[in-house]
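Participant: Okay, here's the prediction I keep looking at, along with the sequence it came from:
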Amino acid sequence: MQPTILIVDDEKHTRDGLRRLLEEQYDVYVAGDIASAMDVLERDQIDVLLTDLRLAGDDGMVLIERALKHSRAPICIMMTAYGSVDTAVEAMRRGAYDFVTKPLNLDKVEMLIARALGTKRIEQENRTLRQQVDERFGLENIVGESSNLREVLDTVRQVAPSSANVLIDGESGTGKELAAHAIHNLSRRHKAKFVTVHCAALSPTLLESELFGHERGAFTGAHERRIGRFEQANGGTIFLDEIGEIDQSTQVKLLRVISEERAFERVGGNQLLKADVRLIAATNKDLAKLVKEGKFRDDLYFRLNVVHITMPPLRERKEDIPLLVQKFLRHFCKVNEKPLLELTSDAMNTLLNYDWPGNVRELRTAIEHGVVMTSGPKITLRELPTAVRQAAAAGTLPGGITAGKAFGARTSPLDLHETERKLIMQALATTRGNITAAAKKLGISRRTLHRKINEMNAAKAAEEAAADGSGSSTEDGSTPP
């Protein structure tokens, strides 16, 4: 994919001249004023902004400041006929990479752009490396020790180094995009881009342009060539969320680009382009059912479904709720500048008894609500969202399922201490008895974990003593002489 350049100048002959100079090496966009330039920056990924200082009724310095505040900020180069030291210093102070004086030395312009792109590439690589270190390969964001979640994580680790397409399904809020990120971060493509497209948010026409790009003049309003997401993701991964929403026409074109051809054309163009992209798709629909109904192409389904991952709903892995609660508490207490809060037993039991139709996303919102609304050291039942409190007041989960049945209990309801004990035992088993590693997994201190283990051992000894009718027992459980 060619780097992108945005030229902003209110003189048409300057814009056109620079476009002709640069368009063989770069994808070039042009604008005559700040408003048009910001439209381009909002719409497309621009690598280098080349702007005049004096624009009709506007100041190029203002454009630089706005561009640098953008989430995808370009490197900025100033053009000016007022080549004083003061102007250059001011441009650099406001964030410009460099400046060039008019009349333009075209060789210098090309040299500055090439140098700016080299700088941007190094900065991007550094950001990617920092992100990988911070995210510890992307798996730490998927929190839980339940057996069905461990199965998902094992599949992620297994499939990540391959080049296979992956289809992830599951209810909304179960973490499908987190799984896709983890696959990318653990793959050989991790230094390249991870590009996301939310298919359900776009009409068929806009989706086609978003995926494959379009040529200038392809349709009304297409004033510039647009680079599609497949070109942007070249060498990396593209994640198509809610792929069950795309229409038949787009399905045909998508099939072509993920087949052996890996080929596509921009809308309104006839040049055959290729992109080396790994595709991960996600859906909350039953694609196999849509295939039977004739709403989704079977050949595309089989191309996507090389590896199939199903994200379990939160109601099927409730033993993970305490770990998720701890993670969200740490995050939202830090964001809201509060000391680390706890939940009362009633509040935690209520979270464990709730069915979570919105899954992990809904739990996250519930914890944020509790952190914001509480004024004390603990989040009580009163600070939980209304929907959660009302479900607890009803005494059953939606659908009439009791909390005990949800966890497989035959005669007793869900018990917070038993859940805590199971989590501790799982963490110790996973870490092979390493107290420090187990405490880290549980989100508690090593001292707290030691205390809880001692309490568990004392409780077990008391139970055994009560069972054999003796007030004491030996270490192996036998009655002392």
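Facilitator: Received the coordinates, thanks.

Participant: Break this structure down into its domains, please.
Facilitator: Here the domain parsing of the chain from automatic domain parsing is 4-132, 139-312, 316-462.

Participant: Would you format these as CSV with mean neighbour count and mean pLDDT included?
Facilitator: Every residue, glycine included, has its C-beta placed from N, CA and C. Shown next, in CSV, are these (neighbours: other C-beta atoms under 10 Å; pLDDT from 0 to 100):
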stretch, mean neighbour count, mean pLDDT
domain 4-132, 17, 86
domain 139-312, 18, 91
domain 316-462, 16, 79
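
Participant: check which helix or strand covers L117.
Facilitator: Per DSSP states H and E, L117 falls inside helix 106-135.

Participant: helices or strands next to the helix or strand harbouring H184 in the packing?
Facilitator: When elements are assigned from DSSP H and E, H184 belongs to helix 176-185. In terms of contacts (3 or more C-beta pairs under 8 Å, 6 or more residues apart in numbering; DSSP states H and E), helix 176-185 is packed against helix 147-159, strand 166-169, strand 194-198, strand 237-241, strand 278-283.

Participant: go again using 10 Å as the cut-off
Facilitator: helix 106-135, helix 147-159, strand 166-169, strand 194-198, strand 237-241, strand 278-283, strand 307-310 (3 or more C-beta pairs under 10 Å, 6 or more residues apart in numbering; DSSP states H and E).

Participant: List the neighbouring strands of the last one plus their orientation.
Facilitator: Translated: strand 307-310. strand 166-169 (parallel) (DSSP bridges).

Participant: Figure out how far the strand it pairs with is from the centre of its chain.
Facilitator: 15 Å (C-alpha atoms, centre = their mean, to the nearest Å).

Participant: Could you export that strand as CSV, CA atoms only?
Facilitator: Provided in CSV are the C-alpha atoms of strand 166-169 (Å, rounded to 0.1, in the frame of the first residue of the first chain):
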residue,chain,number,x,y,z
VAL,A,166,-11.0,-17.7,11.8
LEU,A,167,-14.7,-17.4,12.4
ILE,A,168,-15.7,-16.3,15.9
ASP,A,169,-19.3,-16.5,17.0
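
Participant: quick one: contacts of it?
Facilitator: 152, 155-156, 159-160, 174-180, 183, 237, 239-241, 243-244, 278-288, 301, 303-311 (C-beta atoms under 10 Å, 6 or more residues apart in numbering).

Participant: From G170, how far out is K285?
Facilitator: Distance, K285 to G170, by C-beta to C-beta, to the nearest Å: 11 Å.

Participant: just the strands in the stretch 201-350 of the chain please.
Facilitator: Using DSSP state E, counting those that start in this stretch, the strands of the stretch 201-350 of the chain run over residues 213-214, 226-227, 237-241, 263-264, 273-274, 278-283, 307-310, 342-343.

Participant: export those to JSON lines and tack on distance to T14?
Facilitator: What follows is these, written out as JSON lines (distance: least, C-beta to C-beta, whole Å):
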{"stretch": "strand 213-214", "distance to T14": "26"}
{"stretch": "strand 226-227", "distance to T14": "23"}
{"stretch": "strand 237-241", "distance to T14": "36"}
{"stretch": "strand 263-264", "distance to T14": "34"}
{"stretch": "strand 273-274", "distance to T14": "30"}
{"stretch": "strand 278-283", "distance to T14": "41"}
{"stretch": "strand 307-310", "distance to T14": "52"}
{"stretch": "strand 342-343", "distance to T14": "63"}
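
Participant: Can you say which of those is nearest to H198?
Facilitator: With C-beta to C-beta, the closest approach to H198 among the strands of the stretch 201-350 of the chain belongs to strand 237-241: 4.9 Å.

Participant: thinking again about what came up before, now for the helices and strands packed on helix 176-185, which one comes closest to L255?
Facilitator: L255 lies closest, by C-beta to C-beta, to one member of these: strand 278-283, at 10.9 Å.

Participant: Taking their axis directions, the closest one and strand 194-198 sit at what angle?
Facilitator: 30 degrees (axes from the mean of the first three to the mean of the last three C-alpha atoms, to 10 degrees).

Participant: to the chain's geometric centre, what's the distance from strand 278-283?
Facilitator: On C-alpha atoms, centre = their mean, the centre of strand 278-283 falls 13 Å from that of its chain.

Participant: Check stretch 217-233 too.
Facilitator: 25 Å.

Participant: Also stretch 344-357?
Facilitator: 27 Å.
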